[in-house]
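Asker: Here is my input; please provide its structure:
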Amino acid sequence: MLVPAALMLAMLQTSSRSVEFSYVPERSLKSVVVVGQFNNWDRARHPLQRQSDGKTWRGRFEIPVGVYQYLFCEDNERWVPDPAAPKVSDANGNTNSKLVVVPREYDDLPGVPGDGNVTLSAVDHKPDRSDTARLDRTTGYVRLQTRANDVARVLVESNGRRTPMEKVGGDEIRDLWQGKLRIEETTTRYRFILDDAPPPPFASKGRRGQGEEFTTPWYQQRL
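Answerer: Down below sits the predicted model:
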């Protein structure tokens, strides 16, 4: 299946989602604010509102897609983790809460490797120095992002040769793949193959002939 060029452009667009925060503090407070990486830890941008029960503080905000650390700021002075969220330590050893805001398109597909479906909106490659580089006179590497745990394997095709790529990083939203290819003296022509067919023996029977292999458009880059 060829991924249309128009879709590839749409994949680069960012989005946001509505996220509700709820907090019941252990003591009476005058104010509660959500502070985190998504608002540069600003104590003025995302205040919660006290609810009619007099105990619960709640707020709903548009948060860009991403993985963030955050805290609740009590009375503009004391910062505490969200007791209802997963915990993560920052570089300084502080305990923060983790928020994962997934793209809306993830709701339509399960994101399971080997199911024959690929979340195309998560596929991202920039044919420039962001995702390509020369290693030596004859070899270069390219990178591609896909939805986390969505694709069974990725290959890069160039000069009639398909080379498996390696998963080298990522987070709860995206996987980062990297692979080598032989480069030309002028421009190198390449594309990516997203293989999401299940492993044998399940690949041989009872599956439709479409939706197992997804091919991006060709790219041309001087590496």
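Asker: In this structure, where is pLDDT below threshold?
Answerer: 1-14, 197-213, 221-223 (pLDDT under 70).
Asker: Could you check how far S121 is from I173?
Answerer: 11 Å (C-beta to C-beta, to the nearest Å). C-beta here means a position set from N, CA and C on the backbone, and glycine is covered the same way.
Asker: tell me, what's touching the two both at once?
Answerer: P103 (C-beta atoms under 8 Å, 6 or more residues apart in numbering).
Asker: between those two, who's got more neighbours?
Answerer: Ranked by neighbour count (other C-beta atoms under 10 Å), S121 and I173 place S121 first, with 20 against 17.
Asker: Please settle this for me: is that one part of a helix?
Answerer: Yes. S121 forms part of a helix when assessed by DSSP: H, G, I helix; E, B strand; the rest coil.
Asker: And it, how far from N40?
Answerer: For S121 relative to N40 (C-beta to C-beta), the value is 26 Å.
Asker: Then S28?
Answerer: Taken as C-beta to C-beta, the span from S28 to N40 is 29 Å.
Asker: go on, V112?
Answerer: For V112, the distance to N40 equals 35 Å [C-beta to C-beta].
Asker: who's more crowded, the two?
Answerer: Neighbour totals were compared for V112 and N40, and V112 leads with 13 against 8 (other C-beta under 10 Å).
Asker: what sits against the more buried one?
Answerer: So V112 contacts N149, D150 (C-beta under 8 Å, 6+ apart).
Asker: I am finished for the moment; much appreciated.
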